[in-house]
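K.L.:
Have a look; sequence and predicted model below, questions after that.
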Amino acid sequence: MILKKILNIVLIINVACLQNVFAQQQRPVQSLYMFDQLLINPAYAGSQVQLSATSIYRNQWVNLEGSPETVTASLQSSMLNNRMGLGLVVGKDVLGVHENITLFGSYAYRIPLPGGASLSMGLQAGFDRLQSDFTKTTVPSANPNTGNVSGSSDPFYNATSAFNPNFGVGFFYTNRRFYGGISVPYILENDIIQDVETGNLTTESVKNTRNYFVTGGMTFPVDPNFKVLGSTLLRFQDGAPLSFDVNALGVIKESVGIGVGYRLKEGMIYMFELKINENFHVGYAYDLTFSSINRVSNGSHELMINYRIKIQRWHRGLECPSYF
C-alpha cells in the first residue's frame, strides 16, 4: 500500500506537469506562423485582403510516444473596401491523454495611414474544450506476494472535460515593407482542469496562464528577382521564461521561398514555401531539436496549405500582398 501511494503521488505530479505543458501549448505557435498570423493575433484578420483559407498540421517530437500533434484551420477576408476584416480559427491539439478543441471568431477594424500603411485593431472570442482521458493511463502496483511492480489501471482515474470561453485583443501595423503586431489571444485565466482525486490524494487545478505575443517582419529587396523576408516572434507567458523565434526566408521570383530560423533554447528551423499559382501556396518546416529530446525524437514536422481567391464584390481594385 505504501508503494502504491508513492507511485500514485509520482503519477499525479507527472499529470500536473503534463497539464501545465498543455496549458502553455493550448494555442500552439507553429514554425510557419508568419503565413497565418491569425492564429496568434485577431487584428491580422483580413490582412491578406483576399478570401484566404489556411491549414497547418504539426507533428512535434516525432517517434516520442504521446508527443503533441496540432491541426489548425483558418478562414479570413477583408470587407468594406478593406476597412474591416473577419476571421475564424478552428484547432485540435493532442498531447498524451489530453485533447483540446478550439473555436474562435475574429473581427478587425483597419485604419488607413499615409504611404499605404494601415493600423488594425482586433478582437476575438470563442472557447476551448479540453478532454483528459486518465483511464488510458496505467498505475504501477506491487504484487503483494512477490513485491514485483507491474502496470495496472486505477479506478480513481476518470475521464474529465472542461469548457472554457475566452476572448483576446490585438493590434497589427503594416506598410509595404514592414509589419508589427502585439496581441493577447487569451485574456481569461480559466481553470483548464478541475481538481483530480486519487484515493486520499488531491491535486490542485491547473490554470491557463495568459500569453503575450509580439511579432515583427521586414522585406529586404536584393534585386528584382530575389528578396529576403526577415521575421521574429516573441512569446511572453506568466510564470514562464521568454521565448522567441528569429527567421529569414529568401524568396526567388515571388514563387519559391527557402529559409532558416532559430528558436531560443530549442533548436533550428528549416523552411520551404512554394507559390504554385495565384491561388495555392504550400509550405513545410522541419525543427531540429538541440535539447536532450533529440535522443528519442527525430525532430518536428510541419505542413501548410493555403488557398486564396479574390471575390470581386469585396476585393475589386484592392492590392493583395504575396506574403504576410
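P.N.:
The structure has been received and is ready for your questions.

K.L.:
From G115, how far off is L80?
P.N.:
21 Å (Cβ to Cβ, to the nearest Å). (Each C-beta comes from the backbone N, C-alpha and C, glycine too.)

K.L.:
wait, F35
P.N.:
In terms of Cβ to Cβ, F35 sits 25 Å off from G115.

K.L.:
more neighbours, these two?
P.N.:
F35 (22 against 8; other Cβ atoms under 10 Å).

K.L.:
quick one: that one and I305 touch, right?
P.N.:
No: here F35 does not reach I305: they are 10.2 Å apart, not a contact under Cβ atoms under 8 Å.

K.L.:
Excluding covalently adjacent residues, which one is nearest to R176?
P.N.:
G116 (5.4 Å; Cβ to Cβ, 6 or more residues apart in numbering).

K.L.:
Equivalent analysis for L249, please.
P.N.:
G259 (3.3 Å).

K.L.:
contacting residues around the one you found?
P.N.:
229, 247-250, 270-273 (Cβ atoms under 8 Å, 6 or more residues apart in numbering).

K.L.:
give me that answer again for 6 Å
P.N.:
247-249, 271 (Cβ atoms under 6 Å, 6 or more residues apart in numbering).

K.L.:
Follow the chain on from the host helix or strand of it and name the next helix or strand.
P.N.:
Assigned by DSSP states H and E, G259 falls within strand 256-263. For strand 256-263, the following helix or strand on the C-terminal side (DSSP H and E) is strand 267-275.

K.L.:
buried residues in that next one?
P.N.:
267, 269, 271, 273, 275 (16 or more other Cβ atoms under 10 Å).

K.L.:
The last one bridge partners, please.
P.N.:
Read that as K275. H281 (DSSP bridges).

K.L.:
Next: the second one.
P.N.:
Partner residues in beta bridges with I269: G261, D287, with DSSP bridges as the criterion.

K.L.:
got a list of what it touches?
P.N.:
31, 261, 285, 287.

K.L.:
Let me see the contact set for the last one.
P.N.:
Applying Cβ under 6 Å, 6+ apart, one finds that D287 lies in contact with 31, 267, 269, 299-300.
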